[in-house]
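>>> Build me a model from this:
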Amino acid sequence: MAPRWTCGIGDCDAAFDDVEAAIVHQTNDHQRHECKVCGTIVPDGYFAIRHAFDEHTRAEFVRAYDADSAAVRRREEIKGEVESEADLQRVVEQLDRGV
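You can find the predicted model right below:
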């Protein structure tokens, strides 16, 4: 069976069997992202998406990233898929351990 989760940052095609491993990879193996709305530095990938949609309005995201409604919907889908499957406590524990 093929891995279910891919990194998706830039041209990175790293693939993982579980979402937690994908999030840990994004956090540890990619540069941080500076939010174009508020300047906060966050890990790229899932954590950047979560920051954008939990901390800012959709309109702020669209303006700051010159995004369209399709881009917003795609990121909302990713956020929803990750949050429906991920054990975020496990992610935090792995990151704390330096995994």
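>>> So for stretch 77-93, mean pLDDT?
Average pLDDT, stretch 77-93: 93.
>>> With stretch 27-43 instead?
Stretch 27-43 comes out at a mean pLDDT of 97.
>>> May I see the buried residues of it?
27, 30, 33, 35, 37, 42-43 (16 or more other CB atoms under 10 Å). From N, CA and C alone the C-beta is placed, and that goes for glycine too.
>>> Run through the residues that contact the residue nearest the centre of the chain.
The centroid of the chain falls nearest to residue 46 when counting by CA atoms, centre = their mean (1.1 Å). Taking CB atoms under 8 Å, 6 or more residues apart in numbering, we find residue 46 in contact with 22-23, 26, 78-79, 82, 86.
>>> same deal with residue 8?
45, 78.
>>> Do a quick rundown of the strands in the protein.
5-6, 15-16, 32-34, 41-43 (DSSP state E).
>>> about what we covered before: okay if I get the contacts of residue 46 as TSV plus distance to residue 58 and neighbour count?
Listed next are these as TSV, based on distance: CB to CB, whole Å; neighbours: other CB atoms under 10 Å:
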residue	distance to residue 58	neighbour count
22	24	24
23	23	26
26	22	22
78	15	15
79	12	16
82	18	21
86	22	17
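>>> Which one of those is nearest to residue 14?
Taking CB to CB as the measure, residue 14 sits nearest to residue 22 out of these, at 7.8 Å.
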